[in-house]
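> Make a model of this:
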Amino acid sequence: MGLIRRLRITQRAMERAMLGVSLRDQIRNEEIRRRTRVADVAQRVAKLMWKWAGHIARRTDGRWGSKVLEWRPRTGKRIVGRPPTRWTDDIRRVAGSRWKQAAQDRGFWNTLQKTYVQWTSIG
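Predicted structure coming up:
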């Protein structure tokens, strides 16, 4: 979420530069977004990640992409406390533990994509 926050800050700065607007002008972000008509970077990133996960889950040729998603470190444990979430943890929250089987049905997978993009843009 920290990376997404920094991307959003950078995007808003670029949009202000496109319009020639300063922070001192105190124009709301929604108004700047309406004027530039640029899509939110966090939603775009979430959509592309979801599409890539579905693509990897549907592959059957055994290349490294699916192996990376299934890989676990040698210890098999994460640090005590609140461990950082893995990318597949977010996918499992939306699609369930059998997300690879859900990805086989493209229509169902695309409906879950909308839920995932909304869920990630809230944070």
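
> Only C-alpha atoms from now on, for both contacts and neighbour counts.
Will do.

> Now residue 108: closest residue in space, sequence neighbours ignored.
Distances taken as Cα to Cα, 6 or more residues apart in numbering put residue 102 closest to residue 108, at 7.1 Å, once the chain neighbours are dropped.

> now that neighbour: how far from residue 29?
Separation of residue 102 from residue 29 (Cα to Cα, to the nearest Å) stands at 37 Å.

> How is the protein divided into domains?
2-36, 41-122 (automatic domain parsing).

> looking at the ones you listed, which has the lowest confidence?
Comparing mean pLDDT across these, the lowest value falls on domain 41-122: a mean of 81.

> quick one: contacts of the particular helix or strand that has residue 112 in it?
Using DSSP states H and E, residue 112 maps to helix 106-122. The contact list for helix 106-122 (Cα atoms under 8 Å, 6 or more residues apart in numbering) reads 42, 43, 46, 47, 50, 51, 54, 91, 94, 95, 102, 103.
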